[in-house]
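[1] Starting from these lines, generate the structure:
(one chain, ligands or ions: 1)
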Amino acid sequence: MTRILLLGGTGEASQMARALAERGADAIYSYAGRTEKPVAQPLPTRVGGFGGPAGLAEWIRAHGITHVIDATHPFAARISRNAIAACAATGAELIALERAPWVARAGDRWIHVPDIDGAVAALPESPARVFLAIGRQNLAPFAARPQHHYLLRLVDEPSAPLPLPRAKAVIARGPFTIEGDMALLRDHRIGWIVAKNAGGAGARAKLDAARALGLPVVMIDRPALPPRPVARSIAEVMDWLAHSARLGV
Ligand SMILES: NC(=O)c1ccc[n+]([C@@H]2O[C@H](COP(=O)([O-])OP(=O)(O)OC[C@H]3O[C@@H](n4cnc5c(N)ncnc54)[C@H](OP(=O)(O)O)[C@@H]3O)[C@@H](O)[C@H]2O)c1
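    Take a look at the predicted model:
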């Protein structure tokens, strides 16, 4: 019997959930619980952390999970590491639905940095208007550059004061369009963009808008993960499931 745990929190995970539901798969969708109103899923859904790799392994055993699909965000490295460890400990099969990273095109002005600290260091000394397109975690390090005005785009209204002296938040949930993002950059007179190399379609509009306006983008590279089986599409995940079912996993 195949029983699937789908680790989610992304647009790709929602698409994966639809594909599993359409096939009548026995699957449970898992949210970390970061947003106030998560998108409803066509699968039974649980919310909240498992309690580290040991907690996830225990949960996998207790719920008879045979297959784990890690469709979390490429920057959600902790849960992905936990999934690798928990699947190794329990013998559950693991696959990551991982989007290809974005690659610069002609006209892009990207400055590649390895992490958040690198992004802080890459900003100019003179005051600038910066679109910090990195979500609400990891904002505090930018307080080291208090001369800049920061524009944030968040899913929920912030529940606590922002950790940056000159910051404005717009509340919006993707996917976004190039027209909308060009208007956002123009309206806020943005000169610099900081982005995580998430890949995928839902968040790429800001990069197309930056190229169209000739703006520099500080591009944060993905965190490194231990080797794991990777699928680039939902069809590949479905093939993997069908294959392991044929093998009697
Ligand atoms: N990081 C981003 O830029 C980003 C962007 C868009 C969406 N997201 C989504 O937001 C969620 C949290 O991201 P993050 O960067 O905080 O992750 P993270 O640093 O990898 O995870 C931190 C902890 O949150 C819990 N967790 C994360 N994803 C979970 C899931 N799908 N189901 C149950 N527990 C989960 C785990 O807690 P325990 O150790 O207690 O199990 C994990 O150790 C992820 O589901 C991710 O897909 C993240």
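
[2] Report the contact partners of the residue nearest to residue 139 when sequence neighbours are not counted.
    Distance criterion CB to CB, 6 or more residues apart in numbering; nearest residue to residue 139, sequence neighbours excluded, is residue 163 at 5.3 Å. Any C-beta I mention is one placed from the backbone N, CA and C, and that applies to glycine too. By CB atoms under 8 Å, 6 or more residues apart in numbering, the contact set of residue 163 is 139-140, 143.

[3] ok, so of those residues, who is nearest the ligand?
    residue 139 (11.9 Å; CB to the nearest ligand atom).

[4] Mind pulling up the pLDDT for the residue positioned nearest the centre of the chain?
    By CA atoms, centre = their mean, the chain has its centre lying nearest to residue 73, at 2.6 Å. Looking at residue 73, its pLDDT is 95.

[5] so where does it fall, helix or strand?
    Assigned by DSSP states H and E, residue 73 belongs to neither a helix nor a strand.

[6] Please name the nearest non-neighbouring residue to it.
    residue 10 (5.3 Å).

[7] next one: residue 124
    residue 192 (7.3 Å).

[8] Tell me how many other residues crowd the one you found.
    21 (other CB atoms under 10 Å).

[9] That one and residue 214 touch, don't they?
    No. Using CB atoms under 8 Å, residue 192 is not in contact with residue 214; the gap is 11.9 Å.

[10] Check the burial of residue 51 by counting its neighbours.
    Using other CB under 10 Å: residue 51 sits among 12 other residues.

[11] same deal with residue 57?
    Neighbours of residue 57 (other CB under 10 Å): 22.

[12] Same check on residue 133?
    Using other CB under 10 Å, residue 133 is surrounded by 21 other residues.

[13] Tell me how far residue 3 lies from the ligand.
    The gap separating residue 3 from the ligand is 16 Å, by CB to the nearest ligand atom, to the nearest Å.

[14] in the helix or strand bottoming out on mean pLDDT in the chain, what counts as buried?
    Here the helix or strand of the chain ranked lowest by mean pLDDT, DSSP states H and E is helix 234-246, holding a mean of 91. Of all the residues in helix 234-246, those buried under the rule 16 or more other CB atoms under 10 Å are 234, 237-238, 240-241.
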